[in-house]
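Participant: Sharing a model prediction with you, sequence too.
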Amino acid sequence: MSYTKIMKVLFIYPERGYSSSGNRTIWQGRFYYSMSVFMAFLKKHGFEVAFHQSGNPIRTLELSRILQRESPDLLAFSSLNHLSLEVKRLARKVKVLAPGLTVAWGGFFPTTDPESALNSPGVDCVCVGEGELPFLNLLSSLRDKAEITATPGFWFNSRTGAVKNRTGGLVENLDSLPFADLDASGYAGSDDYLIFKRFPLMAARGCRHSCDFCCNSALNRLYGSKTFRFRSPLHVCAELEQVTSRYPDLESIQFQNDIFFPDLEWLSRFVEQYKKIGLPVSFLLSTGSIDQESVKLLKKLPVKEVFVGVESGTLEMKERIGKQSVLTDTVKRCRMLSDAGLRVATFNMLGIPGECGADVMKSVFLNAEINPALLQLSYLYPYRGTPVYEKWWKILSTRRFYTYFEGSIFQRHFLNRHLRFYYHHFIDLVEMAAKSKNIRFLNLLFSDFLPLPLKRILLQLLKKSGQKSIFQVRF
């Protein structure tokens, strides 16, 4: 009787805690749905998986203990762009602690900047693009002791130099993927469950849009339009039935795909299927998806909140980040949602090169007109492989942040000198604008021409003492 060794993969996903006063999200111990599906997929094909996620820097002794405890055949890092330096630090340590262990790196950073990822000491190979099929081929080759350096979807370091293989395949039918492995990914111990009592999931991959600041623009270049795929409503709701039966104290479902539904037919079928679940849902919509027919269907769902990407209050700034839309249309469509009794939340972005105080105030007035229930504000953060990076990489500084809420990485003299003021008081300004009868006066008070100390004094005088914002949310 022949015996085939079961290959074991250890996934390490580094995080960094992020919180602030008034911030309703704690960036530690998040549940990552796509990673849990990825591990379920490998287990389905006969591989063993282990997962380690840490909100604090992993020290050498802790890393050594993890490697001894799990004894993996392959170590795989996954990270967003913000944590690439943390992965590079850990990869170097792994090669000291376990020189013969194969180290792979996947996620958005290796996909958008494979050269930098592959050149990192300690990294043997990087996955460029979607990972399920390339990783399955890589592990199968390792198990069978076959040559791995020709695996599609991977770039390798070899003695003769870098081996850059063609792009790997996409999972075209998302219903063929297993449900998320909640045990392997530690969902029960995550902030999403313990604090927020919500289940985050993805009903789709990719996006029909290619905004210049978004990682989807890099993926669309890599694969073409095939990146935009949806699971069937039946498959999504079958998973949710399973999850809610296991965790009956869940309070909401959070859809994290960039566009909630592909068309009205899908949405109509989902509305019917979701009646079995019944929990409040939050999701993202582009303004192009909002019309009378879609709103009529969305009203049938127990909607917690609808997030809409506003980004900026001026067409010029929107065009600079590849997000063209008519601003009056944005207000009109958001009001369709509000008038239907749906709670609207907006995404907003500051720190676009060339943005002046008048531009920021137009974003303020736009939000005041929309009157969202929740508001998220971030800095423009150019990722390698995206059009905004290619456009502005020469004016980036050496600063780095662990999230895009902490600050701008552009050189300061290319930014509005009052940017931090506008960022930290954006919500106060929106609340003032919503109540003000004299928009011109408010615009003049907080323009670039007024000295910063005077702005701060005026803000304190105008806003109610001790008033807590109802808007602030980050996730």
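Facilitator: It's in.
Participant: After the helix or strand containing F38, which helix or strand is next?
Facilitator: Following DSSP states H and E, one finds F38 within helix 33-44. Note on helix 33-44: by DSSP H and E, the next helix or strand toward the C-terminus is strand 48-54.
Participant: name the helices or strands packed onto that next one?
Facilitator: strand 8-14, helix 33-44, helix 60-70 (3 or more Cβ pairs under 8 Å, 6 or more residues apart in numbering; DSSP states H and E). No exception for glycine: its C-beta is placed from N, CA and C like everyone else's.
Participant: Kindly recompute the last result at 10 Å.
Facilitator: Applying 3 or more Cβ pairs under 10 Å, 6 or more residues apart in numbering; DSSP states H and E, we find strand 48-54 packed against strand 8-14, helix 33-44, helix 60-70, strand 74-78.
Participant: hmm, back to that, just give me how far the helix holding F38 sits from the chain centre.
Facilitator: Its chain's C-alpha centre and that of helix 33-44 lie 18 Å apart, by Cα atoms, centre = their mean, to the nearest Å.
Participant: List the buried residues in that helix.
Facilitator: Using 16 or more other Cβ atoms under 10 Å as the test for burial, helix 33-44 gives 33-42.
Participant: so for that helix, what's the average pLDDT?
Facilitator: Helix 33-44 carries an average pLDDT of 96.
Participant: Check stretch 94-110 too.
Facilitator: Averaging pLDDT along stretch 94-110 gives 94.
Participant: May I ask which two of the buried residues of helix 33-44 are separated the most?
Facilitator: Pairwise distances across those peak at 15.5 Å for Y33 and L42 (criterion: Cβ to Cβ).
Participant: Look up which residues are beta-bridged to the closest residue in space to G309 that isn't next to it in sequence.
Facilitator: In space, and not counting its chain neighbours, G309 is closest to F347: 4.6 Å by Cβ to Cβ, 6 or more residues apart in numbering. Following DSSP bridges, F347 is listed with bridge partners G309, Q376.
Participant: For G288, see how far away F347 is.
Facilitator: F347 is 15 Å from G288, where distance means Cβ to Cβ, to the nearest Å.
Participant: Which one's more surrounded, those two?
Facilitator: Shown here are F347 and G288; by other Cβ atoms under 10 Å, F347 has more neighbours (15 against 12).
Participant: Quick check, the more buried one in contact with L377.
Facilitator: Yes: here F347 reaches L377: they are 8.3 Å apart, a contact under Cβ atoms under 10 Å.
Participant: related to what we said a few turns ago, now for the residue nearest to G309: which residues touch it?
Facilitator: 284, 307-311, 372, 375-378 (Cβ atoms under 10 Å, 6 or more residues apart in numbering).
Participant: before we move on, what about A203?
Facilitator: Shown in contact with A203 (Cβ under 10 Å, 6+ apart): 174, 230-233, 235-237, 239-240, 255-257, 259-262, 266, 270, 283.
Participant: how about a cut-off of 6 Å?
Facilitator: By Cβ atoms under 6 Å, 6 or more residues apart in numbering, A203 lies in contact with 231, 236, 255, 257.
Participant: What sits closest to A76 if chain neighbours are left out?
Facilitator: Per Cβ to Cβ, 6+ apart, closest to A76 is A104, 4.6 Å.
Participant: which secondary structure element contains the one you found?
Facilitator: Going by DSSP H and E, A104 is part of strand 102-106.
Participant: which stretches of the stretch 201-350 of the chain aren't confidently modelled?
Facilitator: Across the stretch 201-350 of the chain, the ranges flagged by pLDDT under 70 are 225.
Participant: mind listing the strands for it?
Facilitator: 204-205, 229-230, 252-255, 281-285, 303-311, 344-350 (DSSP state E, counting those that start in this stretch).
Participant: same deal with the stretch 351-475 of the chain?
Facilitator: 374-379.
Participant: which residues of it fall in helices?
Facilitator: Counting by DSSP state H, counting those that start in this stretch, the stretch 351-475 of the chain has these helices, from start to end: 357-370, 387-392, 419-424, 426-435, 439-445, 452-462.
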